[in-house]
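*Asks:* Pasted the sequence and its predicted model underneath.
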Amino acid sequence: MASSKPLATFWEWGKNIICVGRNYAEHAKEMKYTLPVKPLFFLKPSSAYVREGSPIVRPYYCRKLHHEVELGVVIGKRAQEVPQEAAMGHVAGYALCLDMTARDAQEECKAKGLPWTLAKGFSTSCPVSDFVPKERVPDPHQLKIWLKVNGELRQEGHTSAMVFSIPYLISYISGIVTLEEGDVILTGSPKGVSAVQEKDEIEAGIEGLLSMRFHVVQQKYRP
Ligand SMILES: CC(=O)CC(=O)C(=O)O
Ligand SMILES: [Mg+2]
């Protein structure tokens, strides 16, 4: 059922954050990953969202916090087993998202065959921009996304380089996870991921549409 909440506040809804990995060949290459034959995806909890004005918190167990700038696709209508041809009808709009990654924890989880929650699902691991209605984006595969750390350009990618297109991602994912209004699909990171430190400033944008800025702080809590 459609919600009465405005989609502009999708990040407050507590809905699913679905993250696609290895969707840019050059990022897969820099990480020495093989390219997936089918989309690879994982989930973040909705408490991972953080908005401009609040910091990105580097978890106490992490020494290598990486930024990954990604186009987010905001779902506007429930999607279950949706064919590619109908997929874009389920999109409400877009947002810029960061898939913040505790890379050291991810490497350890991968080596031990453990789930990636520590690496990808910690609080503030999904900084998110304002919502951009789809009417403002004639073609989501023709966007330049970029990210700077302390003013230095680290990531610049073009959404035309995605391995799996947005309609294919929606069609594939909706056959496994029913997508709800307010859910977001992070479509994967282009190359250039790198580590950030406490006090660093991250600025990221979609060329011609929006930009956002975050600071990194260190988590003080120790269990
Ligand atoms: C496995 C990854 O860390 C890949 C990922 O998140 C990506 O965007 O690519
Ligand atoms: Mg990612």
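*Replies:* Arrived safely. Ligands and ions are numbered 1, 2, ... in the order given.
*Asks:* Look up how far ligand 1 lies from the most centrally placed residue in the chain.
*Replies:* Centroid-nearest residue in the chain: L186, 3.6 Å away (criterion: C-alpha atoms, centre = their mean). Applying C-beta to the nearest ligand atom, to the nearest Å, the value for L186 to ligand 1 is 7 Å. C-beta here means a position set from N, CA and C on the backbone, and glycine is covered the same way.
*Asks:* So what pairs up with that residue in the strands?
*Replies:* Following DSSP bridges, L186 is listed with bridge partners C19, G72.
*Asks:* hang on, it packs against C19?
*Replies:* Yes: at 4.3 Å, L186 and C19 qualify as touching, with contact defined as C-beta atoms under 8 Å.
*Asks:* pretty sure S189 contacts L71?
*Replies:* No: in this structure, S189 is not within contact of L71 by C-beta under 8 Å, at 9.8 Å.
*Asks:* shared neighbours, L186 and C19?
*Replies:* E70, D99 (C-beta atoms under 8 Å, 6 or more residues apart in numbering).
*Asks:* wait, what's in contact with the residue in the chain that ligand 2 sits nearest to?
*Replies:* Minimum separation of the chain from ligand 2 (C-beta to the ion) falls at D99, amounting to 3.4 Å. Listed by C-beta under 8 Å, 6+ apart, the contact set of D99 reads C19, K44, E68, E70, K120, S125, C126, L186, S189.
*Asks:* who wins for neighbours among these?
*Replies:* S189 (32 neighbours; other C-beta atoms under 10 Å).
*Asks:* Show the contacting residues for that one.
*Replies:* Contacts of S189 (C-beta under 8 Å, 6+ apart): N23, Y24, H27, E68, V69, E70, D99, Q155, G157.
*Asks:* Nearest residue to it in space, please, no chain neighbours.
*Replies:* E68 (3.5 Å; C-beta to C-beta, 6 or more residues apart in numbering).
*Asks:* does that neighbour really touch L96, like I thought?
*Replies:* No: contact criterion C-beta under 8 Å: E68 and L96 do not qualify, at 11.6 Å.
*Asks:* rewinding a little: out of the contacts of D99, which touch ligand 2?
*Replies:* E68, S189 (C-beta under 5 Å from the ion).
*Asks:* Put together TSV for the contacts of D99, with pLDDT on each row.
*Replies:* As requested, the contacts of D99 are exported to TSV (pLDDT from 0 to 100):
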residue	pLDDT
C19	98
K44	98
E68	98
E70	98
K120	98
S125	98
C126	98
L186	98
S189	98
